[in-house]
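J.: here is my input; please provide its structure:
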Amino acid sequence: MSLITNQFFIGFCINFILINIFCKIPLMTKGGWISAGILGTILWGCLSWQGWISVVIYLLFGSLVTKIGFKFKKEQGIAEKRGGRRGPENVWGSAATGLFLAMMTKFNAANILLFKVGFAASFTAKLADTFGSEIGKRFGKDTYLITTLEKVERGTEGGISLEGTLASVLGSIFMTFIMIRLSIISTKSQFIIVAVSGFLATLFESVIGARFQNKYKLSNEMVNAIQTSIASVFAIFALVFFSYF
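T.: Got it, this is the predicted structure:
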């Protein structure tokens, strides 16, 4: 068995065992757990345990922050559906970009650093978005449409609050810290690029929500995929640009 095949086999076994142990915890639907298992297996095969654990941490903290003030958000009609449990559409909408970049590390070793930075930025952006959205919906005192600064109701697509924005910054820094601790990224400049890319992509996501989501009937999952792609592209181009100076 080759080293690569062995890594995928290990990833499958670990995900199979852990999901069977923890699937009773109401973090995901049955389909969500299956999707997480597929995602985890591929990530372990491509980026070993470091890539796998980084996404486990993202899923864990993303799910936990969704539970903060859930009763209040449910009363306001702005809570996540299914009691906050993630389904397959949530898993793939959030992780498709990162998974693609993880797989590219196996097909184009010459650019592995770029793909790892893009991978890190994609999940940093998504956790920043989740932190901002969930904290903002619960604790945001005033919500404003990002494109016009018009005051809007909590939970409005494209709406931002000071509290939610600060939470996005925290989420971006936290996830970037996880990425550097796990050696997905390795330098201070990469840390700054990933953290800034993740936060900026969150702002772009709000613009998309305000201007285009309802107009073009974009699903939240599609917007998530666009947001994570923006973060990855921005981070990769920033790394290439600054490498010349």
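J.: which strands or helices does the one helix or strand Phe174 maps to pack on?
T.: Following DSSP states H and E, one finds Phe174 within helix 162-181. Other elements packing on helix 162-181 under the criterion 3 or more CB pairs under 8 Å, 6 or more residues apart in numbering; DSSP states H and E are helix 30-67, helix 112-139, helix 188-208. No exception for glycine: its C-beta is placed from N, CA and C like everyone else's.
J.: nearest to Tyr244, of these?
T.: helix 188-208 (12.7 Å; CB to CB).
J.: which among the helices and strands packed on helix 162-181 is found nearest to Asn90?
T.: The closest of the helices and strands packed on helix 162-181 to Asn90 is helix 30-67. By CB to CB, the value is 6.7 Å.
J.: contacting residues around Gly51?
T.: Residues in contact with Gly51 (CB atoms under 8 Å, 6 or more residues apart in numbering) are 43-44, 102, 119, 182, 184.
J.: out of those, who has the most neighbours?
T.: Compared across the contacts of Gly51, Phe119 has the highest neighbour count, 33 neighbours, by other CB atoms under 10 Å.
J.: that one touches Ala231, doesn't it?
T.: No: counting by CB atoms under 8 Å, Phe119 stays clear of Ala231, with 10.2 Å between them.
J.: relative to Phe16, which of the contacts of Gly51 is nearest.
T.: Minimum distance to Phe16 across these is 11.5 Å, recorded for Trp44 (CB to CB).
J.: which residue is the nearest non-sequential neighbour of Ser183?
T.: Spatial nearest neighbour of Ser183, excluding adjacent residues (CB to CB, 6 or more residues apart in numbering): Gln50 at 6.0 Å.
J.: ok, now Ser161?
T.: Counting by CB to CB, 6+ apart, the nearest residue to Ser161 once its immediate chain neighbours are dropped is Gly140, at 3.0 Å.
J.: quick one: the one you found and Ser48, what's the gap?
T.: Taking CB to CB, to the nearest Å as the measure, Gly140 falls 39 Å from Ser48.
J.: more neighbours: which of those two?
T.: Taking neighbours as other CB under 10 Å, Gly140 and Ser48 compare with Gly140 leading, 22 against 15.
J.: for Gly164, see how far away the more buried one is.
T.: Gly140 sits 5 Å away from Gly164, going by CB to CB.
J.: continuing past the least confident helix or strand in the chain by mean pLDDT, what's the next helix or strand?
T.: Ranked by mean pLDDT, DSSP states H and E, the helix or strand of the chain with the weakest confidence is helix 70-75, at a mean of 70. Once the chain leaves helix 70-75, the next helix or strand it forms, by DSSP H and E, is helix 88-107.
J.: show the average pLDDT along that next one.
T.: The pLDDT scores in helix 88-107 average 92.
J.: and it, how far out from the chain's middle?
T.: Distance, stretch centre to chain centre, for helix 88-107: 10 Å (CA atoms, centre = their mean, to the nearest Å).
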